[in-house]
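In: coords please:
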Amino acid sequence: MQRVTATILTIGDELLIGQVIDTNGAWLGQALNNIGVWVARRVIIGDKWDAIWQALDDASSDSDIIIITGGLGPTQDDLTKPILNEYFGGSLVLHEPSLEIIKGIFARLNRPMLDVNIRQAEVPDVCQVMLNSRGTAPGMQFEREGKLYFSMPGVPFEMQGLTENFVLKAIREKFDLGEVLHRTMTTMGLGESFVAERLKDLETSLPENIKLAYLPGHQAVRLRLTENVEPGSRSVIDDYFQQMKDLLSDILVTDEDISFAEAIARLLIQYDKRVTTAESCTGGYLAAQLTAISGASAYIHGSVVSYDNAIKEGLLKVPRNILDTHGAVSEQVVILMAKQVRVIMGADYSIAVSGILGPTGGTEQKPVGTVWIAAASQDQVVTKLCHFRYDRLHNREAASLQAFNLLRKLIESENQGTQFSD
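Out: The predicted model follows:
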């Protein structure tokens with residue numbers, strides 16, 4: 001089976017200086033990997049003619065596929081199209097189907113079209129046009145010496161549509177890719193080195209066409225098995241994945257490539273339960289993740305952001321003497337927050353979080369990174385004290401993962417008849 005390689009070129013000064021994060025490269029890398037294309041490199045290039053030209057030469061020297069995003073806008077700093085036109089020896093011509101799309105977009109917005117907008121429908125006459133139904137810049141496909149080149153807008157929504165509708169199909173038709181299979185799990189409770197120690201014998205036994213990747217985060221470790229399956233061969237990835245699950249059963253969060261919030265949502269739907277949150281330091285972050293999932297109304301009806309003690313006391317009925325005696329960041333307070341919000345919202349389960357995320361607010365007794373978490377059901381409340389060492393945003397992320405995992409364990413123990421263990 002031939003190994004097909006790709007280079008991803010993302011263009012724009014705003015990417016180089018960090019004003020905009022290159023999410024296109026990451027998304028494309030995953031999409032290509034999923035169909036069996038090896039991404040040799042991802043390169044960010046500024047809006048400079050010579051730099052883009054050189055990057056095309058470099059990519060063409062050792063890649064079968066070159067994908068370019070960005071630089072197709074209507075302004076003078078958008079150089080991709082004129083460069084590609086010269087690089088492939090073409091002449092710009094007006095592409096009427098693309099022009100009709102552009103006219104339709106401006107008509108719906110009730111805005112006048114300028115000459116620069118019309119010129120966006122111009123394409124090199126040596127390319128195959130990929131109609132962009134989501135925007136004003138058409139995509140372009142070129143071929144030279146058996147290599148495929150794709151140029152797409154930098155707007156992620158538009159780029160993703162063109163990739164799914166045209167690019168992946170063209171690549172599959174051109175190259176014999178075989179099949180690439182992935183299995184991903186997420187664990188929490190052991191660091192990467194300790195997880196690797198458990199898996200060392202299994203990892204040694206993996207056949208050559210199966211690779212294990214460790215993807216550590218602040219609180220969790222994701223593990224991905226990837227198998228390259230040649231035509232006519234039988235896949236064995238599930239056998240090895242099950243062995244991994246058995247070895248890591250006590251720290252396994254989910255055996256799918258989903259977020260903690262999605263794992264919680266699936267449990268709640270499976271058992272027909274509702275959840276609510278009472279959040280202080282996380283400021284609604286838990287609820288935001290739960291409601292970002294389509295169909296969230298089936299398992300969450302409301303939440304309380306009790307950032308100020310007045311809300312904890314007035315709405316959640318946490319007694320003032322408890323707040324004064326133990327402080328807002330305490331086990332006593334999160335227990336009461338979890339109990340009260342569950343009753344107020346009529347939910348089966350609740351999560352409460354109170355902590356000091358930093359960089360200010362810490363004391364000698366409760367330093368920055370101190371977070372108390374509680375998860376409650378009708379029958380019990382479980383708590384966890386965490387000490388994080390990151391900056392404010394990463395402490396918030398870590399707190400949310402720990403909160404979701406505590407809730408997951410409570411839901412599973414009550415609905416699967418097992419003993420709760422943290």
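In: burial measure for H387, as a count.
Out: H387: 12 surrounding residues under other Cβ atoms under 10 Å. Just so you know, the C-beta spots here come from the backbone N, C-alpha and C atoms, and that holds for glycine as well.
In: how much space between the nearest residue to it once chain neighbours are set aside and R389?
Out: Spatial nearest neighbour of H387, excluding adjacent residues (Cβ to Cβ, 6 or more residues apart in numbering): G369 at 5.3 Å. G369 sits 6 Å away from R389, going by Cβ to Cβ, to the nearest Å.
In: Look at these two and report which has more neighbours.
Out: Counted by other Cβ under 10 Å, G369 and R389 do not tie: G369 has more neighbours, with 21 against 12.
In: Would you map the helices across the stretch 151-300 of the chain?
Out: Using DSSP state H, counting those that start in this stretch, the helices of the stretch 151-300 of the chain run over 156-162, 168-174, 192-205, 237-247, 260-270, 285-291.
In: Tabulate those (CSV), appending distance to T80, mean pLDDT and mean neighbour count.
Out: Converted to CSV, the helices of the stretch 151-300 of the chain look like this (distance: least, Cβ to Cβ, whole Å; pLDDT from 0 to 100; neighbours: other Cβ atoms under 10 Å):
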stretch, distance to T80, mean pLDDT, mean neighbour count
helix 156-162, 13, 96, 19
helix 168-174, 19, 96, 15
helix 192-205, 40, 97, 13
helix 237-247, 39, 98, 15
helix 260-270, 36, 97, 19
helix 285-291, 36, 98, 21
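In: of those, which approaches W38 most closely?
Out: Among the helices of the stretch 151-300 of the chain, the nearest to W38 by Cβ to Cβ is helix 168-174 (12.1 Å).
In: before we move on, the earlier item: wait, the residue nearest to H387 touches P359, no?
Out: No - between G369 and P359 there is no contact under Cβ atoms under 8 Å: 10.1 Å.
In: Go through stretch 85-100 and flag the buried ones.
Out: For stretch 85-100, the neighbour count (16 or more other Cβ atoms under 10 Å) marks 85, 87-88, 90, 95, 98-99 as buried.
In: Quick one: end-to-end distance for that stretch.
Out: Start and end residues of stretch 85-100 are separated by 22 Å (Cα to Cα, to the nearest Å).
In: cool, and stretch 211-226?
Out: OK, stretch 211-226 end separation, Cα to Cα: 5 Å.
In: Tell me the buried residues in that stretch?
Out: Neighbour counts using 16+ other Cβ under 10 Å place 212, 219-223, 225-226 of stretch 211-226 among the buried residues.
In: which residues are contacting that stretch?
Out: Residues outside stretch 211-226 that contact it (Cβ atoms under 8 Å, 6 or more residues apart in numbering): 33, 180-188, 190-192, 195-196, 199, 203, 206, 210, 237, 240-241, 244, 248, 253, 257, 260, 388, 390, 394, 397-398, 401-402.
In: tell me the pLDDT at V229?
Out: Listed pLDDT for V229 reads 84.
In: Just the contacts of stretch 211-226: which are in strands?
Out: Among those, DSSP state E puts 180-188, 210, 253 in strands.
In: want to throw those into TSV with distance to G73, neighbour count and pLDDT?
Out: Output for the ones in strands among the contacts of stretch 211-226, formatted as TSV (distance: Cβ to Cβ, whole Å; neighbours: other Cβ atoms under 10 Å; pLDDT from 0 to 100):
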residue	distance to G73	neighbour count	pLDDT
V180	34	17	83
L181	38	17	89
H182	35	15	91
R183	40	20	95
T184	36	17	96
M185	41	20	98
T186	39	23	98
T187	43	24	98
M188	43	19	97
I210	43	21	94
V253	42	23	97
